[in-house]
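Visitor: all I have is the shape, not the residue letters:
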């Protein structure tokens with residue numbers, strides 16, 4: 001029965017194929033974007049953070065998350081020990097981009113190590129440092145920002161053992177620079193980003209339709225695996241396993257962990273259910289993260305009940321309050337505090353747990369609450385909101401449904417961009433419940 005079910009669902013797999021670039025074209029785009037980022041963005045970030053030399057060190061299959069983000073498109077991993085050195089001379093307005101490696105680092109960074117002339121890779125690195133005499137040497141280590149903590153113990157120890165003593169006091173954490181590199185988006189990347197979010201919306205819309213869900217037969221697990229298969233068929237990847245869960249009139253509201261664990265594996269979707277998903281894709285080295293809702297119409301219903309539409313409107317209001325507090329330089333904790341105070345003053349029952357989004361799904365930048373830390377997050381929550389950054393606007397509000405004699409949780413998540421002109425959604429948000437069956441556009445601005 002299951003095999004036949006998935007065979008029938010597979011008939012719709014070709015709908016998005018024309019939207020996805022083949023691998024060769026993807027590689028070209030990735031390398032072009034890297035070139036733009038190295039040449040135009042990196043000098044600005046190094047000047048802003050005051051780090052004039054940045055050294056990234058990785059070994060094959062043990063890549064620094066930042067260096068992995070810099071790999072040429074045809075490099076799926078570092079090779080042997082790969083060392084990248086950036087040196088910024090702001091007075092001359094130059095940026096040296098050197099690979100202390102046996103190979104050119106793609107077309108963007110040239111090899112600066114001839115093993116025949118200097119057999120020892122570490123000694124060659126030290127020669128390059130001596131020649132440039134930097135004021136600071138940034139290494140990727142950090143107690144709190146995991147993506148900026150990429151240098152492993154062995155490489156750090158060996159680097160410091162070879163580094164001349166006069167430079168030891170110049171070694172600093174490159175966390176501000178590493179975070180800035182990961183969180184900052186260019187204009188071209190943002191033009192691409194809307195395409196990624198559109199694909200994500202389309203997959204959810206198809207998953208949450210009568211093409212996929214047959215009430216009384218389809219389970220939440222079926223939908224999750226359909227989404228995984230859909231992404232694979234499109235030649236894309238997910239950065240986390242999708243989750244699909246149900247709220248219905250006869251059940252008690254569970255805690256936040258319910259969406260991730262301890263759910264029934266074969267929870268059959270029925271008429272009258274409010275179904276929620278959490279889903280994201282990876283494409284062109286960017287990530288999406290989206291949560292939407294669908295209502296399964298009962299017999300004789302032509303639209304979702306007003307009480308559910310009103311509940312969604314409360315979720316949208318909480319989104320508006322949160323994004324209305326996005327101000328350059330404010331910390332994640334400040335944004336969280338202001339939002340929760342305003343929402344509670346309006347009678348909402350909010351929970352905010354938004355996070356940076358981009359090069360990674362849970363990316364670097366200011367943390368704006370966690371579902372189990374509504375009083376703020378030390379250090380990561382103190383990081384400021386900066387321009388040209390993307391966030392998963394992730395939150396929920398608890399709403400009492402008198403008709404069901406219970407509380408429900410309106411859980412929403414959508415990609416949003418903060419730039420010089422303020423906040424905007426990357427490509428819309430859900431302002432109307434999806435329904436099964438349906439024939440309507442559910443995305444508004």
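Guide: Received, thanks. Predicted model only: the values in this text are computed from it and were never measured.
Visitor: show me where the stretch 301-445 of the chain has strands.
Guide: 350-352, 355-356, 389-401, 406-419, 422-425, 429-430, 434-436, 443-444 (DSSP state E, counting those that start in this stretch).
Visitor: any idea which of these scores lowest on pLDDT?
Guide: Lowest mean pLDDT of the strands of the stretch 301-445 of the chain: strand 443-444, a mean of 54.
Visitor: follow-up on the earlier one: looking at the strands of the stretch 301-445 of the chain, which is closest to residue 123?
Guide: strand 355-356 (38.2 Å; CB to CB). For glycine as for every other residue, the C-beta is placed from the backbone atoms N, C-alpha and C.
Visitor: which residues does that closest one contact?
Guide: Strand 355-356 is contacted from outside by 183, 362-368, 389-392, 394, using CB atoms under 8 Å, 6 or more residues apart in numbering.
Visitor: for residue 184, see how far away the nearest residue to residue 104 once chain neighbours are set aside is.
Guide: Closest residue in space to residue 104, ignoring its immediate chain neighbours: residue 111 at 5.0 Å, by CB to CB, 6 or more residues apart in numbering. From residue 111 across to residue 184, the span is 27 Å (CB to CB, to the nearest Å).
Visitor: neighbour count winner among these two?
Guide: Neighbour count, other CB atoms under 10 Å: between residue 111 and residue 184, residue 184 has more, with 23 against 14.
Visitor: might you report the residue contacts of the more buried one?
Guide: Counting by CB under 8 Å, 6+ apart, residue 184 has contacts 41, 45, 386, 388, 389.
Visitor: the third one and residue 326, how far apart?
Guide: What that stands for is residue 386. 11 Å.
Visitor: likewise for the first one?
Guide: Counting by CB to CB, the gap from residue 41 to residue 326 is 21 Å.
Visitor: can you give me the helices for the stretch 301-445 of the chain?
Guide: 306-324, 332-345 (DSSP state H, counting those that start in this stretch).
Visitor: how about CSV for those helices, with distance to residue 379 and mean neighbour count added?
Guide: Output for the helices of the stretch 301-445 of the chain, formatted as CSV (distance: least, CB to CB, whole Å; neighbours: other CB atoms under 10 Å):
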stretch, distance to residue 379, mean neighbour count
helix 306-324, 21, 19
helix 332-345, 10, 20
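Visitor: domain map for the protein?
Guide: If you go by automatic domain parsing, the domain ranges for the chain are 27-182, 185-444.
Visitor: which residues touch the nearest residue to residue 72 once chain neighbours are set aside?
Guide: Distances taken as CB to CB, 6+ apart put residue 106 closest to residue 72, at 2.8 Å, once the chain neighbours are dropped. By CB under 8 Å, 6+ apart, the contact set of residue 106 is 31, 34, 71, 72, 73, 74, 75.
Visitor: helices - which of those residues land there?
Guide: The helices, defined by DSSP state H, take in 31, 34 from the contacts of residue 106.
Visitor: which among the contacts of residue 106 end up buried?
Guide: For the contacts of residue 106, a neighbour count by 16 or more other CB atoms under 10 Å gives the buried set as 31, 34, 71, 72, 73.
Visitor: show me the contacts for the residue nearest to residue 346 when sequence neighbours are not counted.
Guide: Using CB to CB, 6+ apart and skipping the chain neighbours, the partner closest in space to residue 346 is residue 317 (7.2 Å). Neighbouring residues of residue 317 by CB under 8 Å, 6+ apart: 343, 346, 348, 397.
Visitor: wait, which of those residues is closest to residue 306?
Guide: Looking across these and measuring by CB to CB, the closest to residue 306 is residue 397, at 17.0 Å.
Visitor: is it true that the closest one touches residue 319?
Guide: No - between residue 397 and residue 319 there is no contact, the gap being 9.4 Å when judged by CB atoms under 8 Å.
Visitor: for stretch 197-212, buried residues please.
Guide: 197-201, 203-209, 211-212.
Visitor: now distance to residue 412 too, for these, in JSON lines please.
Guide: Listed next are the buried residues of stretch 197-212 as JSON lines, based on distance: CB to CB, whole Å:
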{"residue": "197", "distance to residue 412": "14"}
{"residue": "198", "distance to residue 412": "18"}
{"residue": "199", "distance to residue 412": "19"}
{"residue": "200", "distance to residue 412": "14"}
{"residue": "201", "distance to residue 412": "13"}
{"residue": "203", "distance to residue 412": "17"}
{"residue": "204", "distance to residue 412": "12"}
{"residue": "205", "distance to residue 412": "15"}
{"residue": "206", "distance to residue 412": "19"}
{"residue": "207", "distance to residue 412": "17"}
{"residue": "208", "distance to residue 412": "14"}
{"residue": "209", "distance to residue 412": "19"}
{"residue": "211", "distance to residue 412": "23"}
{"residue": "212", "distance to residue 412": "21"}
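Visitor: what about the residues you listed, which are in helices?
Guide: 197, 198, 199, 200, 201, 203, 204, 205, 206, 207.
Visitor: just give the nearest non-adjacent residue to the fourth one, would you?
Guide: On the basis of CB to CB, 6+ apart, the spatially nearest residue to residue 200 that is not a chain neighbour turns out to be residue 288, at 4.4 Å.
Visitor: the closest residue in space to residue 416 that isn't next to it in sequence: how many residues sit nearby?
Guide: Closest residue in space to residue 416, ignoring its immediate chain neighbours: residue 393 at 4.7 Å, by CB to CB, 6+ apart. If you count neighbours by other CB under 10 Å, residue 393 ends up with 25.
Visitor: over to residue 80?
Guide: For residue 80, using other CB under 10 Å, the count is 12.
Visitor: quick one on the thing from earlier: can you tell me how far the residue nearest to residue 200 sits from residue 364?
Guide: 17 Å.
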